[in-house]
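Novice: Just the structure for this:
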Amino acid sequence: MLNTLNRRKFISLLTGALASSFVTACAQSRKPRILLCSSWQTVNIGDIAHTPGFLTLMERYLPEVEITLWPPDIGQGVEQKLVDRFPDLKIVSTESERLAAFKECDFFVHGSSASVSAMSQITQWVSETSKGFGIYGITFDDHQSWKLLPDTPEQLAAKVAVLNQAAFVFFRDSESMGLAKQLGCKTEVTGFAPDAAFACDVRDDAVADAFLKTNDLHPGEFLCCIAKLRYAPYWLMKEGYPFDAGKQALNEQFKEQDNAPLLEAVQRVVRETDLKVLLCPEDMSEMAVNKEMIYDRLSAREKERVVWKSDYWLVGEAISTYRRSAGLFSLQMHSPILCIGHGIPAILCGLEQQTSKRMMWNDIGLDEWHLDFDKVEGRQQLPDTVIEMALDPEGSFRKAAEAKRVVEKYQKSTMAHLGSLL
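Specialist: I've put the predicted structure just below:
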């Protein structure tokens, strides 16, 4: 488990770097202002959830701080959902608004991400403002989840150089900090901050309830399941994204191996419990994967107890649905995160392509629900583990609640570190 730096050292390191900004804020008798760079894409509800998760943490622990969001992508209705939930949120959408935010904001926060995703934005912030920045809840891995090849030594060195300029770096998994330090990260304020998506509380109960009613799914009487390919086929989800033959070949190579245990688990849930199963997506490609790899392989009788969601959803509907479920098992990472954030049991099927972020499950005490699908034994364990979760709801919800408490402990301490500056 990662260790957060003690409060006194944190304050002494950061106060000097940021003093001028906050003295100005105090002199003007205004609230401190943070510029948040987050919202990486909208084809995946995990990437959508990072931003409202961080905003919820700020609302909960640092409500006096004003937030401006600098987002790469808040299309497909995501912007309206953010404004509905956070009506005071300012959003940078033009160059003039960016310039104003750079002038007005006192500190820059890089939100939760699969890597140091905002290197160019950080460089721009530092060069134009000379103000401080921090990195909150990232994975640092030498092999990114969307790339076939690992980073080169030069790419890794460039990322470490950015980390070393930061006032603090909080990693979302234990292996990330170990690798960063091994490669030369000397940032003095480092620690563990679980992915901000754990805190996401955006909900769309009305839409979720209507879907559940239409499909005869009752609260507490169904499990959720997400099938997946090794690499997200972005060429099917994003206009202009180039087809990648290498990724497609690996997807085809592993899709039977990876998804067969989920199919077996679904079939056993139908045979051995009174629960139904909802096949649902985390990204826009997974409706098709759920259908091909699971739903179409069920018998007519099994299909009577299994619902295939044929369309994509945004994070509010997903959370509202997960909250009504008896639990989830998934080859994706962020739907389990959303579940645990709301005290819902969630089994993670880990893959190499998830990078070290999958170690979050071990870091928050859920190693028994982290099955290594790169190993035969991990794949073999899934059906039994799902049945155990389903047949022991009291124990399963208790385990989820304990993991949620661990997450909240680190959320509180890392927010306290940030708040010490403000």
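
Novice: Report pLDDT for G16.
Specialist: pLDDT, G16: 41.

Novice: to the chain's geometric centre, what's the distance from the helix or strand containing V277?
Specialist: Here V277 sits within strand 276-279, counting by DSSP states H and E. Taking Cα atoms, centre = their mean, to the nearest Å, one finds strand 276-279 lying 22 Å from the centre of the chain it belongs to.

Novice: which helices and strands sit right next to the helix or strand that that strand is followed by?
Specialist: Counting by DSSP H and E, the next helix or strand C-terminal to strand 276-279 is helix 286-293. On a contact count with 3 or more Cβ pairs under 8 Å, 6 or more residues apart in numbering; DSSP states H and E, helix 286-293 meets strand 222-226, helix 245-272, strand 306-308. For the C-beta atoms, the positions are set from N, CA and C on the backbone; glycine is no exception.

Novice: Walking through the stretch 51-200 of the chain, point out its helices one by one.
Specialist: For the stretch 51-200 of the chain, helices defined by DSSP state H, counting those that start in this stretch occupy the ranges 78-85, 95-104, 119-129, 153-165, 174-182.

Novice: Distance check, C185 against M177.
Specialist: 8 Å (Cβ to Cβ, to the nearest Å).

Novice: ugh, wrong one, I meant L279
Specialist: Between L279 and M177 the distance is 36 Å, computed by Cβ to Cβ.

Novice: what about P261, how many neighbours?
Specialist: Residues contacting P261 under the criterion other Cβ atoms under 10 Å number 22.

Novice: Now it. Nearest residue, chain neighbours left out?
Specialist: The shortest distance from P261 to any non-neighbouring residue, by Cβ to Cβ, 6 or more residues apart in numbering, is to L382 (4.2 Å).

Novice: pretty sure L163 contacts E188?
Specialist: No: between L163 and E188 there is no contact under Cβ atoms under 8 Å: 11.2 Å.

Novice: sorry, back to before: identify whichever of the helices of the stretch 51-200 of the chain lies nearest to F192.
Specialist: Of all the helices of the stretch 51-200 of the chain, it is helix 174-182 that lies closest to F192, at 7.0 Å by Cβ to Cβ.

Novice: What angle do helix 153-165 and that closest one make with each other?
Specialist: 90 degrees (axes from the mean of the first three to the mean of the last three Cα atoms, to 10 degrees).

Novice: helices or strands next to helix 174-182 in the packing?
Specialist: Short answer (3+ Cβ pairs under 8 Å, 6+ apart): helix 174-182 packs on strand 168-171, strand 190-192.

Novice: Would you confirm that K228 contacts M287?
Specialist: No: taking contacts as Cβ under 8 Å, K228 lies outside contact range of M287: 11.7 Å.

Novice: Between the two, which has more neighbouring residues?
Specialist: Neighbours per residue, other Cβ under 10 Å: of K228 and M287, the larger number sits with K228, 29 against 20.

Novice: Tell me, how many residues neighbour the residue lying closest to the more buried one once chain neighbours are set aside?
Specialist: Residue nearest to K228 in three dimensions, not counting chain neighbours: L331, with 3.6 Å by Cβ to Cβ, 6+ apart. L331 has 28 neighbours, counted by other Cβ under 10 Å.

Novice: With T273 instead?
Specialist: Neighbour number of T273 under other Cβ under 10 Å is 17.

Novice: so can I have a markdown table of the helices and strands packed on helix 286-293 showing mean pLDDT and distance to S145?
Specialist: Shown next, in a markdown table, are these (pLDDT from 0 to 100; distance: least, Cβ to Cβ, whole Å):
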| stretch | mean pLDDT | distance to S145 |
| --- | --- | --- |
| strand 222-226 | 98 | 16 |
| helix 245-272 | 98 | 11 |
| strand 306-308 | 98 | 26 |
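
Novice: Let me know which of those is tucked in deepest.
Specialist: Of all these, strand 222-226 carries the top mean neighbour count, a mean of 25, counting by mean count of other Cβ atoms under 10 Å.

Novice: Report all helices and strands that that strand contacts.
Specialist: Checking 3+ Cβ pairs under 8 Å, 6+ apart, strand 222-226 ends up next to helix 245-272, strand 276-279, helix 286-293, strand 328-330.

Novice: In three-state terms, label V406 for me.
Specialist: Following DSSP: H, G, I helix; E, B strand; the rest coil, we place V406 in the helix state.

Novice: I'd like the helices and strands packed on strand 222-226 as JSON lines, with distance to I135 appended.
Specialist: Shown next, in JSON lines, are the helices and strands packed on strand 222-226 (distance: least, Cβ to Cβ, whole Å):
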{"stretch": "helix 245-272", "distance to I135": "28"}
{"stretch": "strand 276-279", "distance to I135": "35"}
{"stretch": "helix 286-293", "distance to I135": "29"}
{"stretch": "strand 328-330", "distance to I135": "27"}
